[in-house]
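> next comes the sequence, and after it the predicted model I'd like to discuss.
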Amino acid sequence: MKRSGPLLTLLTGLLLALFMLSLNATTETGASSYGEDTTAPDPSASSPARSPSKSPSKSPSQSPAAKAPAKADYAGRTDDDTSAVSVSVRDGKAIAYYCDGRDTESWLKGNVEDDGSMRLTGKHGAKLDGQITGKKVRGTVDVDKETRKFTADQAVKPSGLYRATAEVRGAELDGAWIVLPDGRQVGILKRGDEPEKAPRLDPETFTVRVDGDVLTARPVTP
C-alpha cells in the first residue's frame, strides 16, 4: 500500500497535465476563430464597375422604307408585247391607261400607298395592281377578263400619256396616246363609240390632224 501512494500521485499529476494541455488548445482555437474580421465585404469593392449601357444602333433593315414619288409618269409594254400601259402619279393619286392600239382600251384610277403599291380600277371590272420600285412600275392589268403582266419605265417628255377630245363636224372625237421612252406610240381614236388606231401624235407640238382639223393633246394627270 505504501508503494501505491507515489504511483497514484504520479498518475494524478499526468491526468491534470493532460487536462490543462487540452484546455489550452481549445482556448487558442476559439480565439483564432473569433478573432477573424467578420465584416461583410463591400460589394462595390469586389464587383467591377458597370459601364453605361449603349443604345443599340439601327441596323440597315430598320431604315425607313422608300416612299412613293409625289409626281411621276411611267410608260411601258405588257410582257407579251401586245399592249401598252401608262401610269401618272400625283400626290397619292394615280390614273392609268391600257391600250392595244386597235380596239381595246381602259382607263383606271385609284390611290397610291406610301410604299408605292397601287390598286386601280376601271369600267367593266378592269383593274391594275402595281408597285413602284425605283424608276419603274411593275404589276398586272386585267381588262376583258385577260390578265397581263407589265413593266413601265419612268417617262421623260415627250414620253408619257396624252389625250385629246373635240367635236368635229358633229362627231365626238376622243383620242388617247401612250408615247413610249423609245419614241413608239400606241393609241386609239374613238369617233363616237367606234374605236380605231389613232393617227401619230407630233411629239414636239403634241398636235394631230383628224379629217383636216388639228387637235391638241394634253398630258393626262389624276
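That came in fine, so what should we check first? Residues are numbered from 1 along each chain as shown.
> for R209, list each beta-bridge partner.
Taking DSSP bridges as the rule, R209 bridges to V214.
> any idea how far G175 is from it?
11 Å (C-beta to C-beta, to the nearest Å). All C-beta atoms are positioned from the backbone trio N, CA, C, and that covers glycine.
> neighbour count: those two, which is higher?
The neighbour comparison of R209 against G175 (other C-beta atoms under 10 Å) goes to G175, with 22 against 11.
> you'd agree the more buried one is up against R191?
No - counting by C-beta atoms under 8 Å, G175 stays clear of R191, with 9.7 Å between them.
> neighbours around the closest residue to P222 other than its chain neighbours, how many?
Nearest residue to P222, sequence neighbours excluded (C-beta to C-beta, 6 or more residues apart in numbering): K93, at 3.7 Å. K93 has 15 neighbours, counted by other C-beta under 10 Å.
> give me every residue that touches K93.
109-112, 222 (C-beta atoms under 8 Å, 6 or more residues apart in numbering).
> please name every helix or strand in contact with the strand or helix carrying R163.
Per DSSP states H and E, R163 falls inside strand 160-168. Helices and strands touching strand 160-168, by 3 or more C-beta pairs under 8 Å, 6 or more residues apart in numbering; DSSP states H and E, are strand 71-78, strand 84-90, strand 171-179, strand 213-216, strand 218-219.
> who does the next helix or strand after the longest one touch, helix- and strand-wise?
Next helix or strand after strand 171-179 toward the C-terminus (DSSP H and E): strand 185-191. Contacts defined by 3+ C-beta pairs under 8 Å, 6+ apart place strand 185-191 against strand 93-99, strand 171-179, strand 194-197.
> where in this protein is the helix or strand with the lowest mean pLDDT?
The helix or strand of the chain with the poorest confidence is helix 43-46; it has a mean of 46 (mean pLDDT, DSSP states H and E).
> and the chain, what are its domains?
Listed domain ranges for the chain are 71-154, 160-219 (source: automatic domain parsing).
> check the ones you listed for me: which has the lowest mean pLDDT.
Of all the domains of the chain, the minimum mean pLDDT falls on domain 160-219 (a mean of 93).
> gap between the two ends of that domain?
7 Å (C-alpha to C-alpha, to the nearest Å).
> try stretch 121-130
With C-alpha to C-alpha as the measure, stretch 121-130 spans 11 Å from end to end.
> which parts of that stretch are buried?
Across stretch 121-130, burial judged by 16 or more other C-beta atoms under 10 Å covers 122, 126-128, 130.
> format these as CSV; extra columns: secondary structure and distance to P69.
Listed next are the buried residues of stretch 121-130 as CSV, based on DSSP: H, G, I helix; E, B strand; the rest coil; distance: C-beta to C-beta, whole Å:
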residue, secondary structure, distance to P69
G122, strand, 23
A126, coil, 24
K127, strand, 22
L128, strand, 18
G130, strand, 13
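> which one of the residues you listed is nearest to D142?
K127 (5.0 Å; C-beta to C-beta).
> what helix or strand is D142 on?
With DSSP H and E as the criterion, D142 is inside strand 136-143.
> please name every helix or strand in contact with that strand.
Short answer (3+ C-beta pairs under 8 Å, 6+ apart): strand 136-143 packs on strand 71-78, strand 93-99, strand 105-111, strand 127-133, strand 146-154.
> that's all I had, so thanks and see you.
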